[in-house]
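>>> Predicted structure and sequence below. I'll ask about it afterward.
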Amino acid sequence: MPLLPAAIWFALGLVLLVIALLPNGIVRLRWPAALLVLAAFVASLALAWGASPQPFAHWQSALIFDDLAHLLLPPVWTGVTAALLVTLFLTGARYELAIGALSAAVATAGILSANPLLTVFLLQAGAVLVLAGLVVYSHRTEANPLLSVATALKFITLNVVGAACLVMALLLSTFYALNQDRLELPRIIAAVFVVGFGLAAGAMPFYFHYPDVFDAAPSLVTTSLIGPLQCLAFVYLVRTAGNGPWLLADNHVVGVLVFGALGGSVLAALLTFGQRTVNRVLAFNAIRETGWIVFGIASATVLGWTGALTFLAARTVSGPLLLAAVAFFQNHSVKLEGTARLLPIATFGWCVGVLATVGIPPAANFWGLRDLFRSSLVFGSSAPALLLLSALLALWRFGRLTATVFSGSPDAGTEREPAAPSWVLGSLGFGILFAGVVPRLFQVPVDHLLGAFAFLR
């Protein structure tokens, strides 16, 4: 089973690439392509739900469908599928469709991988796909070629540095396993790993390339970045911590990571207020969410890991929903003011995405934020205060954006709401609300997974 889902998404990516190469292929074969995307999604879900997950896999040299993959793969595929379907109906969409499907294939293989070097390699493969999206987009008339090229160089350089740090941390971990009398090594390994992971996931303060990617790349490419590829980075973090619990055994390291992550979330939320474009607001919002998840994992508590994994799973759906909704708005209106009047179903999807990213019920992300807040109480009054402050700042910023969508009058040339992409956004929003009303959808697989981590407090 492990190879089949990755192969399905890889084959879909190749088919979409062939369609994009045909003259006017995306427009002429839009509906057949949409059916292929749905078929790949349904086939992948059938394989995942029809298989029995194995216990959490320790590092080995194989692909394995374990409890971690069972938790994360279905929401990852859901978010990617929705983004692909919406993008198929946007004006000018072409090669980013193949990049999105191939990113899903890379992330699927990486989430199933129990080999650390293979996972790092797949993280780099995902970075190359994002780089391809930047290069392809730079040739469009509406793009800024210099910005795209500069962003591509910055992005690939920092990702290579991040991969080097991850490999160095892996080598040092192997050395420490054979020389556990070297008591200074765990902190050194933790520091090197934090730099590598921060660059791979775009966490504060290693976020330098993320906002520029949101500005310079197509929406589907940024969706691939914060959806499947960033999820893969977190999977590597979870597998590393699960295989080397001594990384989080030092209370000083835990304290630095916890307050660094929460402080970074507050800073990212503050930086959203200084951004001139919606895309950059979403970029810093993604960095804030990353800080929340890092905090939960760094806390080394059952509640923290429960909240982090629940929020991560829900975020792989809500993140693509926000990006797809913004791309849809921008494709059908010159400005956001009054868009809700002509695009009501898509606006519903946007509003659900806002509730989800801030962690407001009944969105599924609320259950993750609830457990993160409960785990923050272990670290005194400062930790919950920082967590709530970042959430309130995000709510304030997105409240202002949402008010813009509902206020004012739309442009005179704005088209009426197309049915297909609107209903995709609306259905995705309904799904997030349903998962919030029925929290067992995420809680049961999370509980099964956490049974393998005896070191959690």
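In hand now; what should we look at?
>>> buried set for the longest helix out of those in the chain?
Identified as the longest helix of the chain according to DSSP state H is helix 145-178. Within helix 145-178, the residues that qualify as buried by neighbour count (16 or more other C-beta atoms under 10 Å) are 148, 151-152, 154-156, 158-159, 162-163, 165-170, 172-173, 176. Where C-beta positions appear, they are placed from N, C-alpha and C, glycine not excepted.
>>> Mind listing what's buried along the following helix or strand past it?
On the C-terminal side of helix 145-178, the closest following helix or strand by DSSP states H and E is helix 185-201. Neighbour-count burial for helix 185-201, counted by 16+ other C-beta under 10 Å, picks out 185-186, 189-190, 192-201.
>>> Among the residues you listed, which one sits closest to L102?
Nearest to L102 among those, counting by C-beta to C-beta, is A200 at 18.1 Å.
>>> which ones are touching that closest one?
Residues touching A200, when contacts are defined by C-beta atoms under 8 Å, 6 or more residues apart in numbering, comprise 123, 159, 162-163, 166, 233, 236.
>>> repeat that with 7 Å
When contacts are counted by C-beta atoms under 7 Å, 6 or more residues apart in numbering, A200 is found next to 123, 159, 162, 166, 233.
>>> can you list those residues in a markdown table and add distance to P245 and pLDDT?
Written out in a markdown table, the entries for the contacts of A200 read as follows (distance: C-beta to C-beta, whole Å; pLDDT from 0 to 100):
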| residue | distance to P245 | pLDDT |
| --- | --- | --- |
| L123 | 22 | 95 |
| N159 | 27 | 91 |
| G162 | 23 | 95 |
| L166 | 18 | 96 |
| A233 | 20 | 96 |
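>>> Compute the inter-axis angle for the longest helix of the chain and helix 185-201.
Inter-element angle recorded for helix 145-178 and helix 185-201: 160 degrees (by axes from the mean of the first three to the mean of the last three C-alpha atoms, to 10 degrees).
>>> Give me the helices and strands touching helix 145-178, please.
In terms of contact count using 3 or more C-beta pairs under 7 Å, 6 or more residues apart in numbering; DSSP states H and E, helix 145-178 is assigned the packing partners helix 116-137, helix 185-201, helix 210-216.
>>> Just name the closest of the contacts of A200 to V135, please.
Nearest to V135 among the contacts of A200: N159, at 14.6 Å, using C-beta to C-beta.
>>> List the contacts of I287.
Taking C-beta under 7 Å, 6+ apart, we find I287 in contact with 202-204, 207, 210, 268.
>>> returning to that earlier point: got the contacts of A200 as a markdown table, with distance to P445 columns?
As requested, these are arranged in a markdown table below (distance: C-beta to C-beta, whole Å):
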| residue | distance to P445 |
| --- | --- |
| L123 | 23 |
| N159 | 30 |
| G162 | 29 |
| L166 | 26 |
| A233 | 20 |
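>>> Name the member of the residues you listed with the shortest distance to L45.
L45 has its nearest neighbour among those in A233, at 23.3 Å by C-beta to C-beta.
>>> Give me the spatial nearest neighbour of the closest one, chain neighbours excluded.
The shortest distance from A233 to any non-neighbouring residue, by C-beta to C-beta, 6 or more residues apart in numbering, is to A201 (4.1 Å).
>>> And P344, by the same measure?
E417 (6.9 Å).
>>> On the three-state scheme, that neighbour is what?
Here E417 is coil, with the state taken from DSSP: H, G, I helix; E, B strand; the rest coil.
>>> what about A104, helix or strand, and which?
In this structure, A104 is located in helix 95-112 according to DSSP H and E.
>>> now that helix and helix 116-137, what's the angle there?
Using the same axes, to 10 degrees: helix 95-112 against helix 116-137 is 170 degrees.
>>> what distance separates helix 95-112 from the middle of the whole chain?
When distances are taken as C-alpha atoms, centre = their mean, to the nearest Å, helix 95-112 is centred 13 Å away from the chain's centroid.
>>> repeat for stretch 82-95
On the basis of C-alpha atoms, centre = their mean, stretch 82-95 is displaced by 19 Å from the centre of the chain it belongs to.
>>> Could I get the buried residue list for it?
Buried residues in stretch 82-95, counted by 16+ other C-beta under 10 Å: 82-90, 93-95.
>>> what does stretch 290-310 rub up against?
Contacting residues not belonging to stretch 290-310 are listed as 71, 201-204, 234, 237-238, 241, 248, 254, 257-258, 261-262, 264-265, 268, 311-312, 367-369, 371-372, 374-375, 378, 442, 446, 449-450, 453, 456-457 [C-beta under 7 Å, 6+ apart].
>>> Out of these, which sit inside helices?
Judged by DSSP H, the contacts of stretch 290-310 include 71, 201, 234, 237-238, 241, 254, 257-258, 261-262, 264-265, 268, 311-312, 367-369, 371-372, 374-375, 442, 446, 449-450 as members of helices.
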